[in-house]
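Q: Need coordinates for the following:
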Amino acid sequence: MKIADSRIIKILDRISGAVFLFTLLVLLVKIFSSGAPALSGSVRGYQINNITAKPQKRPDTTYHDPGKTLDQWFKKTIIVQPHNEALVHLRFKTYKDLLNPVTVLFQLAYYSYYIIIVLAAFQLKMFFGNLSRNEVFTKKNTRKLFITGLLFMLIPLIKSIQNVLFIEAINGLNINDSGYSFSYSFRLVSPETIFGAMMIVFSLVFKAGTDVQQENEAFI
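A: Residues are numbered from 1 along each chain as shown. I've put the predicted structure just below:
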């Protein structure tokens with residue numbers, strides 16, 4: 001049986017196509033929608049998650065008995081350790097703020113993040129499309145898998161750059177009226193990194209299969 005006749009490959013081809021269209025739709029919505037409620041009087045709005053937000057208030061100087069605190073740690077039924085990660089809505093009220101150099105850099109990183117996801121989804125769609133046409137061990141498939149892996153590995157890097165520039169834009173424009181202070185720890189490793197590395201390894205397997213197939217065809 002040819003791989004193109006596999007029901008699983010056909011299903012994966014349709015799913016990857018649907019995922020690509022969904023990611024493209026999300027990108028278009030991000031580009032052409034204002035991202036802020038009309039009543040807010042904003043020209044543009046952005047929502048960024050994984051930002052560390054801490055209330056701007058005086059530290060608690062109340063004395064706590066270390067022995068009692070440790071006792072509670074071991075004997076309590078439920079222990080809560082908040083990480084203070086928040087979804088932050090940033091609304092630009094004027095075009096002057098929106099076109100500030102730091103803000104422009106943030107927006108470039110913001111849209112690049114979604115463009116990379118769309119490109120990765122497109123590469124996977126093309127890969128499964130080739131399999132559905134019985135094109136398996138080819139240089140095109142090897143290249144598509146390798147590019148997909150690189151794109152996924154870029155996601156945490158672009159996300160980190162985006163978040164850092166997001167905070168720089170807020171601080172540079174002095175528009176933080178939230179009562180919170182924001183920070184972000186640069187991250188280069190995430191689940192996307194692991195998936196991307198696996199895709200690159202998978203592409204090397206395909207390259208080996210392609211080389212073997214070309215040797216067999218040359219021998220015949």
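
Q: which SSE is Val26 in?
A: Element membership of Val26 [criterion: DSSP states H and E] is helix 7-32.

Q: Dump the helix or strand bottoming out on mean pLDDT in the chain to PDB, keeping only the CA atoms.
A: Across the helices and strands of the chain, the lowest-confidence element by mean pLDDT, DSSP states H and E is helix 66-75, at a mean of 72. What follows is helix 66-75 as a C-alpha-only set of coordinates in PDB (Å, rounded to 0.1, in the frame of the first residue of the first chain):
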ATOM      1  CA  PRO A  66      10.300  31.200  61.100                       C
ATOM      2  CA  GLY A  67       9.500  28.100  63.200                       C
ATOM      3  CA  LYS A  68       5.800  28.700  62.900                       C
ATOM      4  CA  THR A  69       6.000  29.400  59.200                       C
ATOM      5  CA  LEU A  70       7.900  26.200  58.600                       C
ATOM      6  CA  ASP A  71       5.400  24.200  60.700                       C
ATOM      7  CA  GLN A  72       2.600  25.500  58.600                       C
ATOM      8  CA  TRP A  73       4.500  24.600  55.400                       C
ATOM      9  CA  PHE A  74       4.600  20.900  56.400                       C
ATOM     10  CA  LYS A  75       1.100  20.600  58.100                       C
END
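
Q: That helix: which residues count as buried?
A: Buried positions in helix 66-75, judged by neighbour count with 16 or more other Cβ atoms under 10 Å: none. Glycine gets a C-beta too; all of them are placed from N, C-alpha and C.

Q: same thing with stretch 129-142?
A: Within stretch 129-142, the residues scored as buried using 16+ other Cβ under 10 Å are Gly129, Asn130, Leu131, Ser132, Val136, Phe137, Thr138, Asn141, Thr142.

Q: again with stretch 30-49
A: Within stretch 30-49, judged by 16+ other Cβ under 10 Å, the buried ones are Lys30, Gly35, Ala36, Ser42, Val43, Arg44, Tyr46, Ile48.

Q: what does stretch 92-102 give?
A: Residues Phe92, Asp97, Leu98, Asn100, Val102 are the ones in stretch 92-102 that count as buried (16+ other Cβ under 10 Å).

Q: wait, isn't the third one in contact with Val43?
A: Yes. Leu98 sits in contact with Val43 when judged by Cβ atoms under 8 Å, with a separation of 5.8 Å.

Q: joint contacts of these two?
A: Common contacts of Leu98 and Val43, defined by Cβ atoms under 8 Å, 6 or more residues apart in numbering, comprise Phe92.

Q: Which neighbouring elements make contact with whatever helix or strand His89 lives in?
A: Assigned by DSSP H and E, His89 belongs to strand 85-92. Helices and strands in packing contact with strand 85-92 are listed as strand 44-55, helix 139-173; criterion 3 or more Cβ pairs under 8 Å, 6 or more residues apart in numbering; DSSP states H and E.

Q: Counting by contacts, list what the shortest one packs against.
A: Right, the one you point to is strand 44-55. Based on contacts counted as 3+ Cβ pairs under 8 Å, 6+ apart, the elements that strand 44-55 packs against are strand 85-92, helix 101-132, helix 139-173, strand 180-183.
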